[in-house]
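Novice: Here's a sequence, model it:
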Amino acid sequence: MGHRATGSFEITRWDATTEEEDGGVTIASVLVGKEFRGGLTGTSTARLLTVAGRVPTSAAYVAIERMTGTLDGRTGTFVVQHAATMETDDAGPYSTMTVTVVPDTGTGELTGIRGEVTITVHEDGGHTYAIEYDFTRP
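Specialist: Alright, predicted model coming up:
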């Protein structure tokens with residue numbers, strides 16, 4: 001990828017609805033709002049499907065997230081797909097995950113964007129991101 005943008009984001013909304021619960025395992029749907037600072041400035045809305053295991057630090061989620069804002073001076077929107085599994089290991093219950101830009105979802109000056117997003121959740125609860133991206137031409 002030819003471009004890299006980094007920064008942080010804050011979760012501004014977290015509306016969870018338990019879909020089912022059985023034997024200590026909970027499946028929920030969650031509507032999440034975020035505000036981004038840094039190379040990407042703007043907001044996003046994500047729709048998650050989550051599962052929490054019987055061990056508090058074991059969980060997984062999938063999500064679709066629409067990003068709206070300005071990425072390194074280019075304004076528009078694009079969609080990313082998340083998939084993650086978390087569990088406790090020697091590093092603790094915090095994880096880093098990679099998220100993929102869905103092809104052909106860019107609009108405005110972000111038309112043709114392709115790439116990967118790395119999200120890091122820090123022990124203090126803060127979040128940072130790095131977007132490795134490029135543009136394709138149809």
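Novice: What lies in contact with stretch 8-24?
Specialist: The contact list for stretch 8-24, computed with Cβ atoms under 8 Å, 6 or more residues apart in numbering, reads 26-38, 43, 50, 53-54, 126-129. Where you see a C-beta, it was placed from the backbone N, CA and C, and this is true even at glycine.
Novice: Now, those that are in strands?
Specialist: The members of the contacts of stretch 8-24 that map onto strands under DSSP state E are 26-38, 43, 50, 127-129.
Novice: Any of these buried? List them.
Specialist: In the ones in strands among the contacts of stretch 8-24, burial by neighbour count holds for Thr26, Ala28, Val30, Val32, Lys34, Phe36, Gly38, Thr50, Thr128, Tyr129, counting by 16 or more other Cβ atoms under 10 Å.
Novice: The residues you listed: which two are farthest apart?
Specialist: Taking Cβ to Cβ as the measure, those span a maximum distance of 33.1 Å, between Thr26 and Gly38.
Novice: Residue most distant from the centroid, the chain?
Specialist: Gly23 (28.5 Å; Cα atoms, centre = their mean).
Novice: Tabulate the buried ones among the ones in strands among the contacts of stretch 8-24 (CSV), appending pLDDT.
Specialist: As requested, these are exported to CSV (pLDDT from 0 to 100):
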residue, pLDDT
Thr26, 96
Ala28, 97
Val30, 98
Val32, 98
Lys34, 98
Phe36, 98
Gly38, 98
Thr50, 96
Thr128, 95
Tyr129, 96
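Novice: gap between the least confident helix or strand in the chain by mean pLDDT and the chain center?
Specialist: Ranked by mean pLDDT, DSSP states H and E, the helix or strand of the chain with the weakest confidence is strand 96-101, at a mean of 82. From the chain centre to the centre of strand 96-101 is a distance of 7 Å (Cα atoms, centre = their mean, to the nearest Å).
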